[in-house]
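Colleague: got a sequence here, can you model it:
(2 chains)
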Amino acid sequence: MAIDYRDQEVVFTDIVGVEDAEVLLAWLQEHGSAQADFSGCAHMHPANLQVLMAAQVRVAAWPAAGPLDTALRSAFSNG
Amino acid sequence: MNDLLAQFLSEARDALEGIGGKLMELERAPDDEELMTQLFRVVHTLKGNSGLFDFPEMSRVLHAGEDLMDAVRHGEVRYSQTLADRLLDAMDFVGLLCDGIEDEMPVSAEMAAEAVRQAKGLRALIRPDAAEDEAPAVTETASPAAEALLAQPLVQSLARVPESIRMEAWTQAQNGAPLVWVHYVPSEECFYQGDDPLHQANQTPGWLWTGMAPRAPWPVLAEMDAYRCMLDFDVLASADAAEITTHYRYVPDQISTAMVPPMWLVIPQGDPNGGPVYDDFVEDAVGLLNDKDFKGLGRAVDTMLELSSAALWLSSALRWMQRFLQMNAPDAVALRRLIDSLKTLQAPDWSEVPLPATSPAVAPSPAKVPQLANVHAMALKNVVDVQREVLSLPDDATWLPGRIKAAVASLSGCLKAFGRHAEIAALEALATQALEAQTAAGLARWLDTAFPDEGTPTSEPQVPAAAASSVTVPKQASEPVKAATPSVQVAPVAKAAPAAATAADADKEHVDAETAETDVKLGRRSEEAGAKSLKVDQVKIDRLMNLIGEMVVAKNAMPYLANRAETVFGVRELSREIKAQYATINRISEEMQDAIMQIRMMPVSFVFQRFPRLVRDISRRLDKQVNLELEGQETAADKNIIESLGDPLVHIVRNSLDHGFEMPDARVAAGKSPAGTLRIVARQEADRVIIEISDDGKGIDAQAVKLKAYQKGLIDEATMDRLSDQEAVNLVFIPGFSTSEVVSDLSGRGVGMDVVRTAIEQVHGSIVLESTKGQGTRIRLSLPLSMAVTNVMTVESNQQMFGIPMDAVVETVRVPRASVRTIKQRKATLLRGRVVPLRDLNTVLGLAAPPLTNDSDEFAVLVVKVGDESLGLVVDDFHETADIILKPLSGVLSGLRAYAGSALMGDGSVLMVLNTKEML
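Modeller: Predicted coordinates for the structure are as follows:
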């Protein structure tokens, strides 16, 4: 499972596909102040990312250094 | 080239011609909905077909064309001449792309940019007001003006890039690597098309950094559509513009690029506290710099850095100074600026500094992007883990061999994908052993050594060779574009790990979106193809043609054989049977020959269909009004004849438009209608095709032609006076003659009618030009229907047989010796009141024997046509006519111009066929 929904945290692992975005959006609508753990994530379809950005999630853990990391840091550095 | 591609190209050309034709029909009947629908369908089909291949440029232009036609079809846009112009232009461009594909040339960056321009032009016609809002096209920002324009936003954007990455990029730039900033604005619908813009951005060649930002404030979550792309991407990459263009070739209208001057990367960042405390340092530093004591300055900077907190603005500036000081020849100007900026705590404005030229001699160092391996390594790990699990299962299952084979197939796929081809052989050897021993243990052990199970994918020792090479090594521009498409690298990953499918989404591009349509189309097309016609390579028909030729020769041997049976062997009965059999075979072979000829027959419309476009374009350019009338398009002739007609006809039509027709006002003044009429009529007369091109223009001024020819020294004064108007008009066929005073891009270069005449005569045709001043010009081309079988008359001379093409033969006459007169040592005779010069064939061929007469002392004279003149050829005797397959002389004999070729006769003898034009 690429996304693990916990109490107030969502944990991403491996590669998160475009099809997860809708579920993620629904979950975020219910969990206002969630945080995200990207530490095990290798790639994420931007549909998910924009949902996370719109929901202003806090980043609990960044991905391993790499393209995803730079993209996430550029997007979430203020949030 | 594979068959599918060859068929696509052939169909594409047909479709393009069809589109051109329909567009011009539409010009006459802009409200014809049926025609419009047909046109839309052709464009649509062509676009769909192009989607089957990797031709994004073609698909893009055709897609835009299709959208435009759709809008016209639904009445949203009115059909206009501008619209037709644009569409025709676009189709020409697609034709150009087809040429490129045929020659297996990679699409150049200019062509890609042109495709974007064409598509934009077409789309602009759909929404004229929105044309300017479109995303900026690829900008080659080499010009200083463009750089200045981009300077401010680019500096701001670069500030988003973390310092460590900027420093890395700066170092690469010092080694000569080009730096590019890519701003990528994916379309809102891109997720639906299976795109993954982040993946696309992260796979940019020479990737250094990806940034991401929303393009509009986020809506509240309840109203958010997760699948509408709202993100913009920025990428910093170390690659040249061509590589970037290639990578983004599917979405060139969604990116803008800018070259990054390395100095602009030098942006100190951090906490600005504690400025004045360092005044002393600044003073010292300036002093050291003035003394050019870079070492001392370096020490001072190092010490200062140790003392300061790393997060300070000052530390950032110091780190940059450190970088500069590490260079072989530190840039004093830049250092001074940095030191100055320490006082003000304002980042130096590098846009004013003249940028040091990066030394092109230094080879670009490969960018270090091991992180890129992440996705691949993860996928590899997944696959390997699964195989490890599979191989560790108990060996007692009956399907063990299948299991082993499957695992080996997966693993060898992995090895291939990661460039470890050398290890495949070892794996396969192990697999054979495992199958024999019925145990997977050996393979499992190999797996542990070949793919050690590391915790982190980044430490995977084997950097994916394909991925790394595509990213780090700058490619030659001449490298085929296909090699750079990332799908090659990602495909095995996607296959191996289902979870990785999304990663490959970005590479599938628009092809997927078309799949449904294409399926339907393929089904329909195959039905059509089955019912309609068969496309056969001309080579195959030519072979049939040669075979039937040989058969005709073999068949012709039978009467000879029958004759021998009767005369030599005295078996009359057999002779009769052979003759009967000959009649049957003769009928069949004639029918076969006819059938094969029919296959080679083509309607003249093949040539004619290009004229509507040609006439339209030229008359519009010249501001003339011309109506084109085409008649007899269904008249058919041999393919070679039809093809040889193309260029001469185009030349004649151009001449007619350029010289023939007057401007509309001049026509009105001359009492004609403002629009001229150009008629091209084709019809069949006996075994010839006649093509007449007539216009009602100003005609040719015979006097002017004469004068011009005299001035050019082509004729003398006496000839000038003697020539009739009709003869004078035909002077235009003299090489190097042009009546045009001005050389235009259409005609008037003096390469003209002589070339036309030569081309027509090459296929045994003739050309007649008639012109009446003020009324128009008429050109009549007469061509044989077919070239394959030549009908010749056989004659005997000095006991040898010769053939003369029937085209050249006027008549055969018997001339009594008494009727031959000698005029100035030349023989001539009077034939129905006309003087016909006579030549002995023997003399012409250099044979000493005098011509023989018959019992009544009459010469056998074959009257032949040489140009416009008649000439009597004195031979010994006439023989029958024969259909022969004329073979041109080859090898050393090919220089003998007196012969058109040779043919094999039924009795096995060789008949030499004379070429009267060259001979006399």
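Colleague: near chain B, which residues of chain A are found?
Modeller: By Cβ under 8 Å from any Cβ of the partner chain, the part of chain A that sits against chain B consists of A:2, A:14-18, A:21-22, A:24-25, A:28-29, A:42-51, A:53-55, A:64-75. C-betas here are computed from N, CA, C, even on glycine.
Colleague: contact partners for residue B:235?
Modeller: If you count contacts by Cβ atoms under 8 Å, 6 or more residues apart in numbering or on different chains, residue B:235 has them with B:181-182, B:184, B:201, B:204, B:207-211.
Colleague: make it 10 Å
Modeller: A:67, A:70-71, B:180-184, B:200-212, B:244, B:247-248, B:255, B:257 (Cβ atoms under 10 Å, 6 or more residues apart in numbering or on different chains).
Colleague: and the residues of chain A next to chain B, which of them are buried?
Modeller: A:2, A:14-18, A:21, A:24-25, A:28, A:42-51, A:53-55, A:64, A:66-75 (16 or more other Cβ atoms under 10 Å in any protein chain shown).
Colleague: give me the subset of the residues you listed lying in helices.
Modeller: A:21, A:24-25, A:28, A:46-51, A:53-54, A:67-75 (DSSP state H).
Colleague: so where's the stretch 1-150 of chain B uncertain?
Modeller: The stretch 1-150 of chain B contains residues with pLDDT under 70 at B:1, B:128-150.
Colleague: all helices of it, in order?
Modeller: B:3-28, B:33-51, B:56-73, B:81-102, B:109-126, B:144-158 (DSSP state H, counting those that start in this stretch).
Colleague: got the CA coordinates for stretch B:621-629 in PDB?
Modeller: Extracted in PDB, the C-alpha atoms of stretch B:621-629 (Å, rounded to 0.1, in the frame of the first residue of the first chain):
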ATOM      1  CA  ARG B 621       0.600  35.700 -55.900                       C
ATOM      2  CA  LEU B 622       0.500  37.500 -59.200                       C
ATOM      3  CA  ASP B 623      -2.900  39.100 -58.400                       C
ATOM      4  CA  LYS B 624      -4.300  37.600 -61.600                       C
ATOM      5  CA  GLN B 625      -7.700  36.000 -61.900                       C
ATOM      6  CA  VAL B 626      -7.600  32.600 -63.500                       C
ATOM      7  CA  ASN B 627     -10.300  29.900 -63.800                       C
ATOM      8  CA  LEU B 628      -8.900  26.500 -64.300                       C
ATOM      9  CA  GLU B 629     -10.900  24.000 -66.400                       C
END
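Colleague: buried stuff in it?
Modeller: Here stretch B:621-629 shows B:624-626, B:628 as buried, counting by 16+ other Cβ under 10 Å.
Colleague: same check, this time on stretch B:70-89
Modeller: Under 16+ other Cβ under 10 Å, the buried positions of stretch B:70-89 are B:70-73, B:77, B:79, B:83-84, B:86-88.
Colleague: distance check, the closest residue to residue B:11 other than its chain neighbours against residue B:94.
Modeller: Closest residue in space to residue B:11, ignoring its immediate chain neighbours: residue B:49 at 6.7 Å, by Cβ to Cβ, 6 or more residues apart in numbering or on different chains. In this view, residue B:49 and residue B:94 are 11 Å apart by Cβ to Cβ, to the nearest Å.
Colleague: quick check: neighbours shared by the two?
Modeller: Contacts common to residue B:49 and residue B:94, judged by Cβ under 10 Å, 6+ apart, are B:12, B:15, B:55, B:58-59, B:62.
Colleague: re the thing from before, of the buried residues of stretch B:621-629, closest to chain A?
Modeller: residue B:628 (54.7 Å; Cβ to the nearest Cβ).
Colleague: so the closest one belongs to a strand, correct?
Modeller: Yes - assessed with DSSP: H, G, I helix; E, B strand; the rest coil, residue B:628 lies in a strand.
Colleague: pretty sure it is touching residue B:617, no?
Modeller: No - with contact defined as Cβ atoms under 10 Å, residue B:628 does not reach residue B:617; the gap is 11.7 Å.
Colleague: okay, and the common contacts of these two?
Modeller: Listed contacts common to residue B:628 and residue B:617 are residue B:657; contacts here mean Cβ under 10 Å, 6+ apart.
Colleague: give me the mean pLDDT for stretch B:575-586.
Modeller: Across stretch B:575-586, pLDDT averages out at 91.
Colleague: can you list contacts of it?
Modeller: B:551-552, B:554-567, B:569, B:571, B:906.
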